[in-house]
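# Have a look; sequence and predicted model below, questions after that.
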Amino acid sequence: MTKRVMVGMSGGVDSALSAALLLEQGFDVHAVYMRNWSKDLPGFHCPWADDLADAERVAVSLGIDLAVWDCEKEYKETVVDYLLDSYAHGYTPNPDVMCNQTVKFGTFAKRAFAKGADYIATGHYARLASGEKNVCGGDDAGNTTGKAVSPHGSGTSRLMRAAYEHKDQTYFLWRVPGEIFDRTIFPIGDIPTKAEVRAMCADRGLGIENKPDSDGICFIGPVGLRTFLLDAFERKTGDIIEWESGKKLGEHDGAFLFTIGQRKGLSVGGGPAHYVVATDTNTNTVYVTSDPMSAALWTKTMDIVDTHWISGCVPADGAYTVRTRHTGELRPCMLTKVSATTMRITYEAPVRTVAPGQSAVFYDGPVCIGGGIIERDEELLAKFAE
């Protein structure tokens, strides 16, 4: 019996090729355009209608139907509001991570399965591999007894890094419930380059191969994050303080506008470049240093909270690799449990401090096992308050 698959069609190159490949593999393919955001911002026209038109042209070319599903309410509540709340409290969020969890593999997946889909598919650069049914071993306290319990969700699929390592998007998929992957297909996960993806689109006459990649936060566009935040929040003048001396160097329009490691946008006059080492949204203060080797910019440990493990099991303490930004270096680390709600990353050598609110995503070999949200270094803030 032919399996029915619903493809999330964005109007871009990756999802267009995904739909074409699924047709060639004999699936009963139906395309869905998720309208997540249609609001224009000051100085920025939201391109959703243009993307939909591209998706419609691809669907006609392939001879498949295309439905438009309104997901704006869910997107606003779980992605946009999440981003705004995070910045308001001094965190730097990953909206794409939340979008995948709540919309693409949340709302879309639930609706697709309710409408009779056997599978969903997207144009993500990721792979899935089958394995044994997951069984969580452990003691009465919930501690696992073996290293890296098989990360298969409640079924049998393991989330694997893509063949195209530079574009690998498992970093954005760590919060997706494991059982969803049992009914998911990533058709382009084995393709080694974006150039090959574009060439395959051209070979099939999809007419989409030259469309630029979408970068940045989709609902903000070229208007820029600063403009978006200042449109949402009231400007609030505060002090820029030098970390080493406590000296006031300048003023800013709101501590929520800054993130750890940021260098641009600091009004501190001439002289050497300065880097943000901490922000305090309670006092509306931004702390900076001109020393790129400052201890406040480097660390050997980071704590993570709000963890999610694709297997459903907390991984055993041990050696893994971790990525703290998309396309960032995959670094060896030790992962240990600190408490019921916190785990700790320990590196052999100091690394640049990562902004609180960012995702730390862990791998056991090529398998993505899950991740967590990097917590604020309260001890560092306490030093500033002294």
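Looks like it arrived, so ask away.

# which residues in the stretch 251-386 of the chain form helices?
With helices called from DSSP state H, counting those that start in this stretch, the stretch 251-386 of the chain shows them at 378-385.

# where does it have low pLDDT?
For the stretch 251-386 of the chain, the stretches with pLDDT under 70 are 380-386.

# now the stretch 1-150 of the chain
40-45, 131-150.

# now the strands for the stretch 151-300 of the chain?
Along the stretch 151-300 of the chain, counting by DSSP state E, counting those that start in this stretch, strands occupy 157-160, 184-185, 238-242, 248-252, 275-280, 285-289, 298-309.

# Quick one: distance of the first one to the chain centre.
Chain-centre distance of strand 157-160: 17 Å, with Cα atoms, centre = their mean, to the nearest Å.

# so how far is E244 from K110?
52 Å (Cβ to Cβ, to the nearest Å). (C-beta placed from N, C-alpha, C; glycine too.)

# which of these two has more neighbours?
E244 (15 against 12; other Cβ atoms under 10 Å).

# didn't the more buried one look like it was pressed against T289?
Yes - with contact defined as Cβ atoms under 8 Å, E244 counts as touching T289 (6.5 Å).

# Return every residue with contacts to both of these two.
The contact sets of E244 and T289 do not overlap (Cβ atoms under 8 Å, 6 or more residues apart in numbering).

# so how far is E74 from K39?
K39 is 15 Å from E74, by Cβ to Cβ.

# ugh, wrong one, I meant D213
For D213, the distance to E74 equals 25 Å [Cβ to Cβ].

# what do you get for I260?
As judged by Cβ to Cβ, I260 and E74 stand 30 Å apart.

# can you count the residues close to P177?
16.

# Please apply the same query to T2.
Considering only other Cβ under 10 Å, T2 is surrounded by 9 other residues.

# what are the bridge partners for the residue nearest to it when sequence neighbours are not counted, then?
Leaving aside its chain neighbours, T2 sits nearest to D28 (4.8 Å; criterion: Cβ to Cβ, 6 or more residues apart in numbering). Beta-bridge pairing of D28 under DSSP bridges involves R4.

# List the contacts of D28.
Contacts of D28 by Cβ under 8 Å, 6+ apart are 2-5.

# cutoff 10 Å now
Applying Cβ atoms under 10 Å, 6 or more residues apart in numbering to D28 gives the contacts 1-6, 22, 64, 116-118.

# between D213 and E74, who's got more neighbours?
Ranked by neighbour count (other Cβ under 10 Å), D213 and E74 place E74 first, with 17 against 9.

# wait, isn't I191 in contact with D168?
No - judged on Cβ atoms under 10 Å, I191 makes no contact with D168 at a distance of 11.9 Å.

# Need the residues touching each of the two.
By Cβ under 10 Å, 6+ apart, I191 and D168 have these common neighbours: 125, 162.

# Could you report the pLDDT at the residue nearest to E242 when sequence neighbours are not counted?
With sequence-adjacent residues excluded and distances taken as Cβ to Cβ, 6+ apart, E242 is closest to L249, at 5.4 Å. We have a pLDDT of 94 for L249.

# do you know how far L249 is from S359?
Using Cβ to Cβ, we find L249 at a distance of 31 Å from S359.

# now do L225
Distance check for L225 against S359: by Cβ to Cβ, it reads 17 Å.

# the more surrounded of these two?
Between L225 and S359, counted using other Cβ under 10 Å, S359 has the larger neighbour count: 25 against 15.

# Hmm, that one is touching Q101, no?
No - with contact defined as Cβ under 10 Å, S359 does not reach Q101; the gap is 11.1 Å.

# any common contacting residues for these two?
In contact with both S359 and Q101: 172, 174-175, 308, using Cβ under 10 Å, 6+ apart.

# Please list only the buried members of the contacts of D28.
Using 16 or more other Cβ atoms under 10 Å as the burial test, the contacts of D28 include 5-6, 22, 64, 117-118 as buried.

# of all those residues, which two lie farthest apart?
With Cβ to Cβ as the measure, no two of those lie farther apart than I64 and D118, at 15.7 Å.

# Enumerate the positions of the longest helix seen in the chain that are buried.
With secondary structure taken from DSSP state H, the chain has its longest helix at helix 48-62. Residues of helix 48-62 classed as buried: 48, 51-52, 54-59, 61-62 (neighbour count, 16+ other Cβ under 10 Å).

# okay if I get the residues you listed as CSV plus distance to G123?
Shown next, in CSV, are these (distance: Cβ to Cβ, whole Å):
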residue, distance to G123
W48, 17
D51, 13
L52, 16
D54, 13
A55, 11
E56, 16
R57, 16
V58, 11
A59, 14
S61, 16
L62, 14
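
# Among those, which one lies nearest to D239?
For those, the nearest to D239 is W48 (40.1 Å; Cβ to Cβ).

# The residue lying closest to that closest one once chain neighbours are set aside: neighbour count?
Spatially, and ignoring its direct neighbours in sequence, W48 is nearest to S38 (4.9 Å; Cβ to Cβ, 6+ apart). Using other Cβ under 10 Å, S38 has 13 neighbouring residues.

# And S38, how far from D85?
22 Å.

# Could you check how far A199 is from G11?
Distance, A199 to G11, by Cβ to Cβ: 19 Å.

# Those two: which is more packed in?
A side-by-side neighbour count of A199 and G11, using other Cβ under 10 Å, places G11 first with 22 against 14.

# Let me see the ranges of the strands in the stretch 1-150 of the chain.
Using DSSP E, counting those that start in this stretch, the strands of the stretch 1-150 of the chain run over 4-8, 28-35, 66-70, 119-121, 127-130.
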